[in-house]
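Visitor: What follows is a protein structure lacking sequence information:
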C-alpha cells in the first residue's frame, strides 16, 4: 500500500505548502440546511445551528487535498476540534476559507508519515462588518509504507 503519491507529497515538499489557502466559500444558512443537519444527528430543529454544524464547511479542505494531490481515501482522520466565537443561525451569510496551518513529518525504517493540519476560519458577513464566529481544525495523517531494503 502506498501513501501520498503525488509529486507534492512524495517529493517531500508537502511541508513547503504550509500557509497555502483554499478559495473563499460562501453559504447562506437556511432553515432547511440546519433542519437536515439536526435530523442527521438526532437533535430537535432550532433556528441556531448545533455546535458540530461547523463540520459542514469542508469545501476548502477537499479543495486543498485535491490541489496537493492527496487522496482522502488514504487519510487517517487523527483529530478534529472547534473554537466557537458566535452562533450560526438561520439567515446568516457565512464565508469560510481553509489553510494548511501545519505539516509534521515522522519517519521510521518502515514508513513515512505526514500529519497535515487544516484550519477553517468561519466569518459571518453582516451589512457593515465581517465577524469571525468560529474555527474548525482537522488533522489528517498520510502514510507511505517503505519497501524493505
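Guide: Done, it's in. This one's a predicted model, so the numbers in the text were calculated from it and none came from an experiment.

Visitor: From here on, just use CA atoms for contacts and neighbour counts.
Guide: Will do.

Visitor: Tell me the secondary structure of the spatially closest residue to residue 38 that is not a sequence neighbour, please.
Guide: Nearest residue to residue 38, sequence neighbours excluded (C-alpha to C-alpha, 6 or more residues apart in numbering): residue 45, at 5.8 Å. Following DSSP: H, G, I helix; E, B strand; the rest coil, residue 45 is assigned to coil.

Visitor: which ones are touching residue 89?
Guide: 29, 47-49 (C-alpha atoms under 8 Å, 6 or more residues apart in numbering).

Visitor: Return the residues in contact with the closest residue to it other than its chain neighbours.
Guide: Nearest non-adjacent residue to residue 89, counting by C-alpha to C-alpha, 6+ apart: residue 48, 4.3 Å away. Taking C-alpha under 8 Å, 6+ apart as the criterion, residue 48 is in contact with 34, 87-90.

Visitor: Farthest pair within these?
Guide: Largest separation among the contacts of residue 48 by C-alpha to C-alpha: 34 and 87, giving 12.4 Å.

Visitor: what about these two, which has more around it?
Guide: Shown here are residue 34 and residue 87; by other C-alpha atoms under 10 Å, residue 34 has more neighbours (21 against 14).

Visitor: Could you verify that the more buried one is part of a helix?
Guide: Yes: per three-state DSSP, residue 34 lies within a helix segment.

Visitor: Understood, closing this out.
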